[in-house]
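*Asks:* give me coordinates for this.
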Amino acid sequence: MSSKLIRKMKQIERDAVLMIMEEASKANISRLVYMSGYEMREQLLRDLKIPEFGEIKIEIEGKITQSYFNWTILGDAPAFEMFFAFLNKGRMTVPGGGLNAFPTISPEDVGEITAQIVMRDDLNGKRIKLTGPKAYSFPEVAKLISDISGKRIKHMTIPLFLINIVSFLLLPFAPFVRYLYKSLKMLNNFPSDLAKNVPEDHKLLRELFDYEPVTLEMEINRRIKENTL
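*Replies:* Numbers count the residues shown, from 1 in each chain. Presented below is the predicted three-dimensional model:
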């Protein structure tokens with residue numbers, strides 16, 4: 001997510017993908033697996049006034065579903081790293097507070113599930129959500145880390161509008177901050193019905209694929225043992 005790459009996001013996430021699809025079709029390659037966002041709700045993005053945050057993935061998903069590929073779309077939840085990125089010296093300082101629960105998943109699980117999906121041809125026309133077993137809010141994770149580590153983690157809130165102002169000021173020099181603001185706005189307004197369905201989405205993964213999921217508790221314990229928490 002460097003400034004250079006963000007400026008080329010359309011070329012990387014849209015143009016390159018469409019080109020790959022075109023070349024795959026010419027080469028008579030039929031299997032296509034596409035990694036997208038957990039669930040792309042166009043109306044929600046419009047309501048939050050960040051339609052560009054998901055417009056590329058929405059466009060690509062539309063083209064895939066209308067194609068002749070044997071396609072599977074993966075709705076990938078954020079990685080566990082999302083929580084630890086805001087943790088520093090016993091404080092979890094989150095713009096907007098992060099009070100809404102949202103799905104997360106370990107990178108290891110994403111890799112294992114995706115590897116199995118690529119090798120299968122019986123998942124044509126399916127959109128599968130990749131998530132861990134439970135949706136968490138930032139305050140819940142702060143408490144969970146406190147309980148497991150025995151060290152108090154204080155959850156703190158920074159007004160999200162401050163990040164908005166800073167992101168505009170830094171846009172010419174550091175567009176990542178603007179991207180971060182949009183991500184945080186989405187997380188702070190994550191739909192409760194999607195969070196409520198996370199256990200069922202995870203249950204489906206366990207039924208479809210052979211893997212042992214890495215839980216957030218396991219990730220916290222790993223970081224404690226490695227002294228990286």
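*Asks:* how about the residue nearest to the spatial centre of the chain, nearest residue that isn't a chain neighbour?
*Replies:* By C-alpha atoms, centre = their mean, the chain has its centre lying nearest to Pro78, at 2.7 Å. Nearest residue to Pro78, sequence neighbours excluded (C-beta to C-beta, 6 or more residues apart in numbering): Thr104, at 5.3 Å. Glycine gets a C-beta too; all of them are placed from N, C-alpha and C.
*Asks:* and the one you found, how many neighbours does it have?
*Replies:* 22 (other C-beta atoms under 10 Å).
*Asks:* picking that back up, wait, isn't the residue nearest to the centre of the chain in contact with Phe102?
*Replies:* Yes - counting by C-beta atoms under 8 Å, Pro78 touches Phe102, with 7.1 Å between them.
*Asks:* which neighbours do these two share?
*Replies:* Shared contacts of Pro78 and Phe102 (C-beta atoms under 8 Å, 6 or more residues apart in numbering): Leu187.
*Asks:* got the buried residues for the helix or strand harbouring Arg223?
*Replies:* Secondary structure from DSSP states H and E places Arg223 in helix 216-225. Neighbour counts over helix 216-225 (16 or more other C-beta atoms under 10 Å) mark 216, 219-220, 223 as buried.
*Asks:* contacts only, for Trp71.
*Replies:* The contact partners of Trp71, by C-beta under 8 Å, 6+ apart, come to 31-34, 64-65, 124-125.
*Asks:* done for today, thanks.
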